[in-house]
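> turn this into a structure:
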Amino acid sequence: MIVYRYKTFISFMVASLAGNVNPSAATPWIDATVPAGIEGQSLSRLKFADLNGDRRPDAILLPKSKQGTLPRVFLNRSEESDGEIGFRLKVKTETNLPLVRTADTLVFADLNNDGIKDAILGRSNDIYQDDYAPPEYYPQRSAWFLGNGDGSFNEGTVFKEAPLVTTRAIAVGDVNQDGLLDCLMGNWYKRYFTGYEAFSNDLLIQYSTKAGFPEFARWPIPDETSPTDFHDDLGGRPTYGVALPRFNDGLPMVLELNYGRRWNRLYRMTRRAPLKEILSNEESPIALIPKDNNEIGDHLIRQLVGEDIAALAKIDGDLIRHGRHPKWPSEYAEAQPRSQRPDEPPFRANGNTFDCAIGDIDNDGDFDLFVSTIIHAWAGESSDRSRFLVNQMNETGNLQFESFAHLSVDRIPDLPAPNIPLNKENTSYNQGDIYAELADLNHDGRLDLVLCSSDYPDPPPHDERLRIYFQQGDGHFLDVTKDLGLNHIGAGMPSLADVDLDGDLDLLIGQSFNRLLKQQRVKAALATGTLRKDLSDSTMPEPQARLYLNESSQGRRSLILHLIGDKKKGVSSSAIGAIVRVTADTDGDSNTPELVQSRQLLGPGGHSGKQNEMIIHVGLGDATYATRVKIQWPGDNQNPTELGKLRPGRYIISQENPIPQLLSK
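Have a look, this model is predicted:
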């Protein structure tokens, strides 16, 4: 249900119009797949990550395979460029990465704080299926691999605390803000396609041994041992996406995005007061911290407290909870057998949620969400739609999210006029929104939306494809996909990075042809040039990854910040969780207020290990410099770093020595 509140909408409009620039003509993006050297890569999942520490985003491609195949690593090299685009992605051999199946998840983050990204693997082990067989290669369960700093990795270390389950999503962040990154594993059904029961998720809290090697303790998700009653739906839910966002000044929260029209969860995380602090009358008591390696993990788990506030925050699902399916005339119902299913109980009356995007879309200082879901005509309003969830913290002081009609990006076919019969389009549509991301793609000071839809054979204009929406001055999102020259049908996983080092964010994107007929696959392949017309009659096209270079800045500049946390102060080397606020005169008019944009440094998260280049990116509009940059480092009692008059460019900013280091291209 779309909720509309006039007062909040006016506040949204005022914030959006601050720093307003007139929308410019959309310049077509450049398909750089071939000159970059990654043509012919058949896959749906991929990501950018700097694996060799040169501040250039490298590409990791994950081909589909039920049996297991090696991920492909492409290092970003300027010296390998043919001059056409200024860089080339050169394949790295002998990475020592493990064989990965389509159902597995692979992400990259610096777990041991040595400044080098490590590989984190989540194995999907469907152990209760009758035909289950463990992988015939190492590792057979979830594990992590120390990075060598050149795109290769050491032998893996198994997460012995993570059970054998159907892991399908990973988020990385510092949940207890102790300077050590933790891993949240999102798990699926216990028996896929059989029943509703699902595994509970696994939150692995890192701690360091005396030898300095990372160890992990599993934090129990609340109610994970409760009986499955399918009323309150306690216990595990099929989680297809996870994230560790910060929505207030406290610890990062644990966000579960659940499938099967099940409710999402949002755990507000807090720390218990240490025992000595409770009992002591001293002004500055010292917390009771065990010194034995075997006890540290137990202490960390007992200290961390989580409370599910999804319903209070209005993030669990929309307000429609009845689960009723549309009642169609018999001729349409017979054509759609699923429509004749019994109506659903409340625990199955909300989202098929896959992914989320996190960002301050209205520039009011708090962080909002976009959730991407799959909906079907036969389910009707018993299934939630993809939608923006606008944080009301700034307006009300409470963490609650609202949806607004002017922010809708639905492509649902219009109903016919009264007394006109329904048509097939009205009773067979799908909206397969699998992935989403927020970024300022045209540097106007407002976040834009990347929406990736796939897997269903809907006809145009409702087909499942990549769509780009530019946010306008009044706050609504305009579909500019066609203007950008993008015709990518069946959009798989996206990853954003400044791959050509020109200051704007480029897009690496996979593709998925699930449920598409051959003629639709041919059309999709012809549209992107991956299939020649003279081969279209005999060739069954496969999905192909594409790299698109962003050309939308129209001369407007940006700031890109590579943050380095101070391990001695309890901040992870990658500074995941840092919040940056940038003040700039984005409209170039000294008579109007300057705009303050907020960004949060996020690690991997979302559906299936979605991951972007780990940077802070802020468009400056017509400003020639940022008048103020404030970095709030994650953790307790951290002094913020404040910088003034920072000119556009790419910078390294270290918490230990916060003098901006300008990076050359």
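> you'd agree Ile361 is in a strand?
No - under the criterion used here (DSSP: H, G, I helix; E, B strand; the rest coil), Ile361 is coil, not part of a strand.
> for Lys518, what are phi and psi?
Backbone geometry at Lys518, expressed as degrees, to the nearest 10, gives phi -60, psi -40.
> what about it, how many neighbours?
Number of residues near Lys518 (other C-beta atoms under 10 Å) recorded here: 12. The way it works is simple: take the backbone N, C-alpha and C, and place the C-beta from them, glycine included.
> check Lys90 too.
Using other C-beta under 10 Å, the number of residues around Lys90 comes to 18.
> same question, Glu161
17.
> and what of Lys645?
When neighbours are defined as other C-beta under 10 Å, Lys645 has 10 of them.
> hey, what's Arg581 bridged with?
Beta-bridge pairing for Arg581 (DSSP bridges): Ser598, Lys630.
> ranges for the strands of the stretch 1-150 of the chain?
30-31, 43-49, 58-63, 72-77, 88-92, 105-109, 118-122, 143-147 (DSSP state E, counting those that start in this stretch).
> which strands and helices sit next to the fifth one?
Contact analysis of strand 88-92 by 3 or more C-beta pairs under 8 Å, 6 or more residues apart in numbering; DSSP states H and E lists helix 33-36, strand 58-63, strand 72-77 as its packing neighbours.
> need the winner for burial among the ones you listed.
Mean neighbours per residue, mean count of other C-beta atoms under 10 Å, is largest over the helices and strands packed on strand 88-92 for strand 58-63, with a mean of 24.
> identify the residues contacting that one?
Where contact means C-beta atoms under 8 Å, 6 or more residues apart in numbering, the residues beyond strand 58-63 that reach it are 38, 41-43, 45-52, 69, 71-76, 89, 92, 100, 106, 108, 151, 495, 499, 508, 545, 547.
> that strand versus strand 118-122: what angle between them?
20 degrees (axes from the mean of the first three to the mean of the last three C-alpha atoms, to 10 degrees).
> got the angle between strand 58-63 and strand 43-49?
Going by the same axes, to 10 degrees, strand 58-63 makes 160 degrees with strand 43-49.
> centre of the chain versus strand 58-63, how much separation?
Relative to the chain's own centre, strand 58-63 is displaced by 17 Å; criterion: C-alpha atoms, centre = their mean, to the nearest Å.
> so Leu121 touches Gly156, yeah?
Yes - Leu121 lies in contact with Gly156 (C-beta atoms under 8 Å); the separation is 7.1 Å.
> of those two, who's got more company?
Neighbours per residue, other C-beta under 10 Å: of Leu121 and Gly156, the larger number sits with Leu121, 25 against 21.
> so what's the more buried one bridging to?
Bridge pairing for Leu121 (DSSP bridges) gives the partners Leu106, Ala143.
> so how far is Pro139 from it?
Separation of Leu121 from Pro139 (C-beta to C-beta, to the nearest Å) stands at 7 Å.
> what does Met253 give?
30 Å.
> which one of those two has more residues nearby?
With neighbours defined as other C-beta under 10 Å, Met253 and Pro139 compare such that Met253 has more, 25 against 18.
> what pLDDT does the model give the more buried one?
We have a pLDDT of 98 for Met253.
> wouldn't it be in contact with Met269 here?
Yes - with contact defined as C-beta under 8 Å, Met253 reaches Met269; the gap is 6.1 Å.
> ok, which stretches of this protein are helices?
Taking DSSP state H, the helices of the chain run over residues 6-17, 33-36, 275-279, 293-303, 310-313, 330-335, 393-396, 424-428, 518-528.
> need the ones you listed in CSV (columns: mean pLDDT and distance to Tyr651).
Formatted as CSV, the helices of the chain follow (pLDDT from 0 to 100; distance: least, C-beta to C-beta, whole Å):
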stretch, mean pLDDT, distance to Tyr651
helix 6-17, 43, 27
helix 33-36, 95, 25
helix 275-279, 57, 39
helix 293-303, 82, 34
helix 310-313, 98, 35
helix 330-335, 78, 58
helix 393-396, 94, 28
helix 424-428, 89, 50
helix 518-528, 88, 35
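> count of neighbours near Asn352?
24.
> ok, the residue nearest to it when sequence neighbours are not counted - contacts?
Spatially, and ignoring its direct neighbours in sequence, Asn352 is nearest to Ile374 (4.3 Å; C-beta to C-beta, 6 or more residues apart in numbering). Shown in contact with Ile374 (C-beta under 8 Å, 6+ apart): Asn352, Phe354, Ser383, Asn430, Gln431, Gly432, Asp433, Ile434, Asp455.
> tell me if I'm right that His562 and Ser654 touch.
No - using C-beta under 8 Å, His562 is not in contact with Ser654, being 9.3 Å away.
> compare these two (neighbour count), which wins?
The residue with more neighbours, out of His562 and Ser654, is His562; 20 against 17, by other C-beta under 10 Å.
> residue contacts, that one?
Residues near His562 by C-beta under 8 Å, 6+ apart: Arg55, Ile615, Arg650, Tyr651, Ile652, Ile653, Leu663.
> what is the fifth one paired to in the beta sheet?
Going back to what we said before, that points to Ile652. Ile652 forms beta bridges with His562, Gln661, as assigned by DSSP bridges.
> give me the pLDDT for the closest residue to Asp178 other than its chain neighbours.
Spatial nearest neighbour of Asp178, excluding adjacent residues (C-beta to C-beta, 6+ apart): Gly570 at 6.0 Å. Gly570 is assigned 94 on the pLDDT scale.
> one step back: which residues are common contacts for Leu121 and Gly156?
Pro98, Pro139, Ala143, Trp144, Phe145.
> export those as CSV, with columns for pLDDT.
Below are the shared contacts of Leu121 and Gly156 laid out as CSV (pLDDT from 0 to 100):
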residue, pLDDT
Pro98, 97
Pro139, 96
Ala143, 98
Trp144, 98
Phe145, 98
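> closest one of those to Leu447?
When the shared contacts of Leu121 and Gly156 are ranked by distance to Leu447 (C-beta to C-beta), Trp144 comes first, at 31.8 Å.
> the residue nearest to that closest one when sequence neighbours are not counted: neighbour count?
For Trp144, ignoring the flanking residues on the chain, the nearest one in space by C-beta to C-beta, 6+ apart is Ile120 at 4.8 Å. Neighbourhood size, Ile120 [other C-beta under 10 Å]: 25.
> before we move on, the earlier item: out of the helices of the chain, which gets nearest to Pro214?
Closest to Pro214 of the helices of the chain is helix 293-303 (C-beta to C-beta; 11.3 Å).
> what is that closest one packed up against?
Using 3+ C-beta pairs under 8 Å, 6+ apart, helix 293-303 sits against strand 202-208, strand 214-219.
> quick one, phi/psi of Glu227?
One correction, residue 227 is Pro, not Glu. phi -60, psi 150.
> can you read off the pLDDT for it?
Looking at Pro227, its pLDDT is 86.
> ok, it to Asp308 distance?
Applying C-beta to C-beta to Pro227 and Asp308 gives a distance of 17 Å.
> more neighbours: those two, which one.
Under the neighbour definition other C-beta under 10 Å, Pro227 and Asp308 were set side by side, and Asp308 has more, 20 against 8.
> okay, the closest residue to that one other than its chain neighbours and Val571: tell me how far apart.
Nearest residue to Asp308, sequence neighbours excluded (C-beta to C-beta, 6+ apart): Arg265, at 5.2 Å. Separation of Arg265 from Val571 (C-beta to C-beta) stands at 27 Å.
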